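Chemist: could you work out the structure for the sequence below:
(chains A and B, ligands or ions: 1)
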Amino acid sequence: MNAAPRTLFDKLWDEHVITVREDGETLLWVDRHFVHEGSHHAFRKLDERGAAVAEPGLTFGVADHYVPTRGRPVIADPEVAGMVERLSGNAARHGFRLFGLDDPAQGIVHVVGPEQGLTLPGLLIVCGDSHTSTHGAFGAYAFGIGASEVAHVLMTQTLWQRKPKRMRISVSGRLGPHVSAKDLALHVIASIGTNGAQGHALEYAGTAISALSMEGRLTLCNMSIEAGARCAMVAPDETTFAWLAGRPHAPSGAALAEARARWLALAGDPDAEFDRDILIDGNAVAPTVTWGTSPEDALPITGSVPDPEAMPADAARRAYVAGALDYMGLAPGMPLEEVAIDRIFIGSCTNARLEDLRAAAAVLRGRKALVPGLVSPGSSLVKRQAEVEGLDRIFIAAGLTWADSGCSMCVGMNGDLVASGERCASTTNRNFRGRQGLGARTHLMSPAMVAAAAVTGRLTDVRDLPPLEG
Amino acid sequence: MQSFTTLTAPACPLGLANVDTDQLIPARFMKRSRAQGYGGFLLHDLRFDEDGRPRRAIPLDEPRHAGARILIARRNFGTGSSREAAVYALWDYGITCVIAPSFGDIFASNAVKNGLLPAQVSEADAETLLGLLADGGSLTVNLEALSITVTGTNTTEHHGQRFTFVIDPVRRLQLLNGWDDIDLTLRHTAEIADYRANRATSQPWTFPEPGMPSQAWNIRGAKGRLRP
Ligand code: SF4
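Modeler: Residues are numbered from 1 along each chain as shown, chains lettered A, B, ... in the order given. From the prediction side, this is the model:
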């Protein structure tokens, strides 16, 4: 018998193998396939072949990328209306479940999947979106794919893959007060670089990870793609199971007992080996913000904007930093806390779950924002619960706009844009040039840090601005 | 799928690092149908302002790099969003090979599926090639031999200089043969059916809607359908 110790990822991989080709390409079974309005290229490929969706019962559609966050259900932009209609049409024609604009459970695909119990430990989950890595927080093998692969999954419910290498990031200690999974994620990416985990399946372990809530783990796995990881995961534990309890599509009763036993067995064997093993000191992570145009351009809020002239040895790096600072409109050496912002955005699949909104609201409670800003909950269910808790009133009282759920200003496809030259403190995952709008300047940070920036009008250490009493 | 064997063509040194797919094609253009052509959107916001007026000439726009079909970039090309439209933009513009020290994983996979070669070279070789091609010139990229040869630059001094590149062996074969994944998958319909039946029995909770129809092993309309 093959008794070699296996990692969590090894087990997930093995469980999904249908067949292995001579060249090592492996055909894997897909348990969940999420599609969105942007999947139209893949449906076109399907139509070109005259093919049907192989497993409508394992295919789920979500309208999120292009949907408006104000004035629903009207969609003013005819192009966008057309895209949402095309998705509805495909769902109707192929008979799969759609969380459309009018569905009370609509939201961002990576928020809806877990919320509905569609994301479960042990599953292989794909979606035509790079942040599909998010779902790995449950101990699932989840990754983003391109349109050709989406078409392949639609037609066959399978995917050809080569096994990625295995990498572990162990985070010791515990994150400090007001330090969140987002800070840890930015800290990790800054430490290993945007291609630091390239070609690897990434597993997080260690005390600081065990202590994270599901929301925190989702944030961390979400951002792992920004470190180049193919996918990221955390072994399922009691935190996972507690979160799943009672979710609409999660197993219950006898099936749950059986499933739990399977899920617990997914944890890596004690002696399992990783191709790369990295240690991070969780106690040393500070509230972190980005200064440049790549998520790896991140520093503790107590730091200063880097100076390209101080990098004489590396001409390419110097040119990159100078270019990034030029785009961002920042002066070398400037303390990060002196960077004034024009607006804020709280939203996206990275940081718009209930816990994120609560963290932002805790800072904003009883305070006013000095800059305008938009708060877009991760799903319509998150929105409703936030309203039950009165979070919406805190945001509105602070002067922010409380909107409907969607990708919104994370990617600016729906018209929620940061104006050219404007600087935005944002809970999203990408500070790429133009990501939030042509010429937009994005600083990534946690929800609490965004809230703190809103209050002072500049990048701010949230530790200096704790929640007001009462 | 389009195959790739060798290509001799003008090569353009783009010289940028971290060219993410948001830059390759900004999100707002992805609503369009592919039939309209994506070439005009390639690196749009680097090159054009809001109103579509030229803003900053990047090497691709310079006459000495006219007709480039090969792009040379720095590390981490195609990182970020999984949008295959980034490959469509390159392809529709005329680029069929990108040379860089590293690529975003999903981009590289998308590239191969569309017949575009992501050729990975060392950081040092990328720097050398960027320098050699600065004033224009052409390269021959040979996927069979995994080689890049300088075939035309201003000075003949470097003609014939050879570099090697790497690409995942499976992707290399796919590109060389122009294999279509779906046709390959159809050879395994019986195994897929067995797997599905087994999974539905052993872990029924992985099928949240058990009443739904399934035809994973019976793909309609596929050309060259293979019998199990
Ligand atoms: S919120 Fe942003 S990162 Fe998340 S799925 Fe939407 S566009 Fe992608």
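
Chemist: hey, let's count contacts and neighbours off CA atoms from now on
Modeler: OK.

Chemist: wait, residue A:437 sits on residue A:418?
Modeler: Yes: counting by C-alpha atoms under 8 Å, residue A:437 touches residue A:418, with 5.3 Å between them.

Chemist: residue A:47: how many residues sit nearby?
Modeler: For residue A:47, the count of nearby residues is 13 (other C-alpha atoms under 10 Å in any protein chain shown).

Chemist: can you confirm it is in a strand?
Modeler: No: counting by DSSP: H, G, I helix; E, B strand; the rest coil, residue A:47 is not found in a strand; it is helix.

Chemist: now do the same for it: its pLDDT.
Modeler: Per-residue confidence for residue A:47 comes out at a pLDDT of 91.

Chemist: and for residue B:210?
Modeler: For residue B:210, the model assigns a pLDDT of 79.

Chemist: got phi/psi on the residue nearest to it when sequence neighbours are not counted?
Modeler: Using C-alpha to C-alpha, 6 or more residues apart in numbering or on different chains and skipping the chain neighbours, the partner closest in space to residue B:210 is residue A:57 (7.1 Å). For residue A:57, the backbone dihedrals (degrees, to the nearest 10) come out as phi -70, psi -10.

Chemist: the longest strand seen in chain A pairs with which strands, parallel or anti?
Modeler: Ranked by residue count, the top strand of chain A under DSSP state E comes out as strand A:165-172. Sheet pairing here is set by DSSP bridges, and for strand A:165-172 it gives strand A:200-205 (parallel), strand A:276-281 (parallel).

Chemist: what about the helices in chain B?
Modeler: B:21-24, B:44-47, B:85-93, B:105-113, B:123-132, B:169-177, B:181-185, B:189-202 (DSSP state H).

Chemist: what about the lowest-mean-pLDDT helix or strand in chain B, near chain A?
Modeler: Least confident helix or strand of chain B, by mean pLDDT, DSSP states H and E, is helix B:181-185 with a mean of 85. Yes: on the criterion C-alpha under 8 Å from any C-alpha of the partner chain, helix B:181-185 is in touch with chain A at B:181, B:182, B:185.

Chemist: what helix or strand is the closest residue to residue A:440 other than its chain neighbours on?
Modeler: Leaving aside its chain neighbours, residue A:440 sits nearest to residue A:420 (4.9 Å; criterion: C-alpha to C-alpha, 6+ apart). Using DSSP states H and E, residue A:420 falls within no helix or strand.

Chemist: wait, residue A:420 sits on residue A:435?
Modeler: No: in this structure, residue A:420 is not within contact of residue A:435 by C-alpha under 8 Å, at 11.0 Å.

Chemist: out of the two, which sits in the more crowded spot?
Modeler: residue A:435 (25 against 14).

Chemist: surely that one and residue B:22 touch.
Modeler: Yes: using C-alpha under 8 Å, residue A:435 is in contact with residue B:22, at 6.5 Å.

Chemist: show me the domain layout of chain A.
Modeler: Domain assignment for chain A, taken from automatic domain parsing, gives A:8-276, A:335-462.

Chemist: to residue B:205, which of those domains lies closest?
Modeler: Minimum separation from residue B:205 across the domains of chain A (C-alpha to C-alpha) falls at domain A:8-276, 5.8 Å.

Chemist: pull the distance from that closest one to the chain's centre.
Modeler: 10 Å (C-alpha atoms, centre = their mean, to the nearest Å).

Chemist: hmm, that domain in reach of the ligand?
Modeler: Yes: interface with the ligand: domain A:8-276 contributes A:65, A:131 (C-alpha under 6 Å from any ligand atom).
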